[in-house]
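*Asks:* below: sequence and its predicted model.
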Protein chains: 2
Amino acid sequence: MMQDKNIPYKIYLEENEMPDKWYNMRADMKNKPAPLLNPETHEPMTFDDLRPVFCDELVKQELNDTDAYIEIPEEIRNFYKMYRPSPLVRAYCLEEKLQTPAKIYYKFEGNNTSGSHKLNSAIAQAYYAKKQGLKGVTTETGAGQWGTALSMACSYFDLDCQVYMVKVSYEQKPFRREVMRTYGASVTPSPSTTTNVGRKILEQHPGTTGSLGCAISEAVEAASSQEGYRYVLGSVLNQVMLHQSIIGLETKAALDKYGIVPDMIIGCAGGGSNLGGLIAPFMGEKLRGERDYEFVAVEPASCPSFTRGKFAYDFCDTGMVCPLAKMYTLGSGFIPSANHAGGLRYHGMSTTLSQLYHDKLMRAVSVEQTSVFEAAEQFARVEGILPAPESSHAIRVAIDEALKCKETGEEKTIVFGLTGTGYFDMFAYEKFHNGEMTDYIPTEEDLQAGFNGLPTI
Amino acid sequence: MMQDKNIPYKIYLEENEMPDKWYNMRADMKNKPAPLLNPETHEPMTFDDLRPVFCDELVKQELNDTDAYIEIPEEIRNFYKMYRPSPLVRAYCLEEKLQTPAKIYYKFEGNNTSGSHKLNSAIAQAYYAKKQGLKGVTTETGAGQWGTALSMACSYFDLDCQVYMVKVSYEQKPFRREVMRTYGASVTPSPSTTTNVGRKILEQHPGTTGSLGCAISEAVEAASSQEGYRYVLGSVLNQVMLHQSIIGLETKAALDKYGIVPDMIIGCAGGGSNLGGLIAPFMGEKLRGERDYEFVAVEPASCPSFTRGKFAYDFCDTGMVCPLAKMYTLGSGFIPSANHAGGLRYHGMSTTLSQLYHDKLMRAVSVEQTSVFEAAEQFARVEGILPAPESSHAIRVAIDEALKCKETGEEKTIVFGLTGTGYFDMFAYEKFHNGEMTDYIPTEEDLQAGFNGLPTI
């Protein structure tokens, strides 16, 4: 292996080099993301509209599009110290395997028990809930990373944690459930009979294995029907993007320390929290006209909100109880094919990223899952880490871009987000090993069915 | 949380502070571990006796009890850089939870895809196999940590990797198998019909779910019956202890950096590789009379080789094809009760650690598994990390010792080895959560049955 002696394999920041403020991209955007709308009146949601659902401080963060920096409370910084800084790794072995002149770095967020970057926002949301004197929080989880992260965070602050887990995941991933139980959370398969919206969905679709949109509806109802509870969400929202900016801020500090300037930053995109967090400070420079970067969102071909969705106001959940958000969306009724293995199956996308994409400040590509697992395996064999299927979307495109550099001879510096580990995804890996994995691309008719459900505003 | 501002949560070494030599404890021992004996002639095994089974360089390391330091080849140091140094973590949150004046540190070896410290020796053994021009290696694995580590190492050096996996684990841990397959290894449930010894065991015990001793016999036979193959082992042997000394060397360097001197060092013990590696440089100081430390080996009450075994020559494997080793042993026929959840189920113990224990240079305690899982859950909830059941044996005793300090007011500095993560052990956690976990302590009769199988020498 050819190590550049000036650049270690893994760049760690010292504790005193860790960010003490989150960065709020929206403050630097000329075209702000469109506001959330009340689903009944279509009026912009206010602080008072949102506080029955979210903690007060989080509502403030949700609505704040003017302050560029928001201080990270000391309690959260202390928790961050237990598993952060995460390493920025130079992929020397992958570079050599590909024989590319490109320099590849990845920010690895999987070295904590939740197995992903989700903990960055979970701990912040739990902290504000505790500070407000709440008893507990409710949430939904799909593949289980967010639920795991939230149960860790709640256990730390001694808060009750109620997780609605998409039924298909609950059944296919019993181990994820046990991790959450280890941290003291209660886990309910969704749709369930514990909520009105769950019962209604079960009546209409008796055999359904659930969806994220449906679990969101149940969790929101559960929060508002219990005294001292609020709802928390692991992606899509502005507050989550804010907390996840820790990823990008650390990445930038680590690169700056060694005088490295990336040409391209790549991240997978489901609801957008990891990508939004990773690119945040770099996008800030671009928005302020200080430096240009290429940003690439990678999404599954089976759930292509950016590349084939519409930029429109839509419901955030299946039960249509949440505010409307203007975003790239496939329609709240869109459910990706059951053969889709990884996460990234949300029908919509962060309003902030949607606006940036609409303004052509970033681009997006979609990739098919067998090629994603090929990239995952190739990466694992040389870099050691077993990546989550979600993260492997970014690996796929990083490899493709590095191979383009091999053709052209360009020595591009590529940074990608390795959001998590795949320990709980071995069913999908097994399918891949056995040659049983297939690809799925929605037809125009599939998409049209989703678009037909868009509200008229 | 009360952070000592001088001591970070996690102490990481810089790349240039990482050890470039392994430390060989035996060189400093006055009473050397007894030699391996030929099972037929009872003569000490020589280089020529061992080289048909192990790589030449590894045989040299196995027999070398005079050189205190052995250089780590550059290729291995490069691989180490991909996942090392591992963090030495100050357990501030656990200390606060326990309200103990003790200062607790743990060396965390779980932040690599194999999920444990096993990779430290796997990469060394694969390297020497490659250097010798071999085609591949064979091995056994129980819970699967060693098999996973070896498949990662072999994939890195492009060596064939054949793993005999104890049948009960093969069936209960299909995901471990898929991780190994991701790295290109072939995995065979043991006992199998692919070897003479496997067929013989299957004839005698048709319904057997296998044991580590039996899988060792199969792997050794598979290596010696294929051209260009050698056998490799993940614990017990001196060479493995040597490679694992990287754990202790890093720990000592990190402590020295902050002027911290531990009073007590605690590790779980199955075959002894993690414990031997962790204590190595500290034991060196004790052996040379430079400084005193208290060393504690923790083993499961259901497989108590140190605390209830005999110090005697015994077979290392069930098939009795391996050399005889002088060690604390329960007899090669001893198999812990099926209700035992974690690893640490090997009947014997490292010859080096056995000699040190015999010479009263360290002590040992045994703990029951429900109390181990209680400690695991308590640790997870405050420190975030989901520990492996094996590692949790050390956590149990670290907590017990910290609580003793609370009684006495002593401010002891306790270091323990957190060898790995529990992602693939959720069956056991589930049993624990459901109150279905029981304890098992072998009766005197159980032990006597094992001792009856000891060879007469």
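*Replies:* Received the coordinates, thanks.
*Asks:* gap between the two ends of stretch A:173-192?
*Replies:* Chord length of stretch A:173-192, first to last residue, is 17 Å (CA to CA, to the nearest Å).
*Asks:* what segments of the stretch 301-450 of chain A are helices?
*Replies:* A:305-308, A:351-358, A:369-383, A:389-408, A:426-433, A:444-451 (DSSP state H, counting those that start in this stretch).
*Asks:* any chance of a markdown table for those helices, columns mean neighbour count and distance to chain B?
*Replies:* Heads up, the C-betas are built off the backbone N, CA and C, glycines and all. Below are the helices of the stretch 301-450 of chain A laid out as a markdown table (neighbours: other CB atoms under 10 Å in any protein chain shown; distance: least, CB to the nearest CB, whole Å):
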| stretch | mean neighbour count | distance to chain B |
| --- | --- | --- |
| helix A:305-308 | 23 | 29 |
| helix A:351-358 | 24 | 29 |
| helix A:369-383 | 22 | 4 |
| helix A:389-408 | 23 | 12 |
| helix A:426-433 | 20 | 4 |
| helix A:444-451 | 14 | 31 |
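*Asks:* for these, which one sits closest to B:Ile76?
*Replies:* Closest approach to B:Ile76 among the helices of the stretch 301-450 of chain A (CB to CB): helix A:369-383, 16.0 Å.
*Asks:* tell me the contacts of the spatially closest residue to A:Ile266 that is not a sequence neighbour?
*Replies:* Using CB to CB, 6 or more residues apart in numbering or on different chains and skipping residues adjacent in sequence, the residue nearest A:Ile266 is A:Phe416, 4.1 Å away. Counting by CB atoms under 8 Å, 6 or more residues apart in numbering or on different chains, A:Phe416 touches A:Ile104, A:Tyr105, A:Tyr106, A:Lys107, A:Ile265, A:Ile266, A:Gly267, A:Ala394, A:Ile395, A:Val397, A:Ala398.
*Asks:* would you turn those residues into a markdown table with pLDDT and distance to B:Gly271?
*Replies:* Compiled in a markdown table, the contacts of A:Phe416 are given as follows (pLDDT from 0 to 100; distance: CB to CB, whole Å):
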| residue | pLDDT | distance to B:Gly271 |
| --- | --- | --- |
| A:Ile104 | 98 | 38 |
| A:Tyr105 | 98 | 38 |
| A:Tyr106 | 98 | 35 |
| A:Lys107 | 98 | 37 |
| A:Ile265 | 98 | 45 |
| A:Ile266 | 98 | 43 |
| A:Gly267 | 98 | 42 |
| A:Ala394 | 98 | 39 |
| A:Ile395 | 98 | 36 |
| A:Val397 | 98 | 43 |
| A:Ala398 | 98 | 40 |
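*Asks:* can you show me the CA trace of the worst-scoring helix or strand of chain A on mean pLDDT as CSV?
*Replies:* Lowest mean confidence among the helices and strands of chain A (mean pLDDT, DSSP states H and E): helix A:167-172, at a mean of 87. Below are the C-alpha coordinates for helix A:167-172, written out as CSV (Å, rounded to 0.1, in the frame of the first residue of the first chain):
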residue,chain,number,x,y,z
LYS,A,167,-43.9,-4.5,11.0
VAL,A,168,-41.9,-6.1,8.3
SER,A,169,-38.7,-4.9,10.0
TYR,A,170,-40.0,-5.9,13.4
GLU,A,171,-40.4,-9.5,12.1
GLN,A,172,-37.3,-9.6,10.0
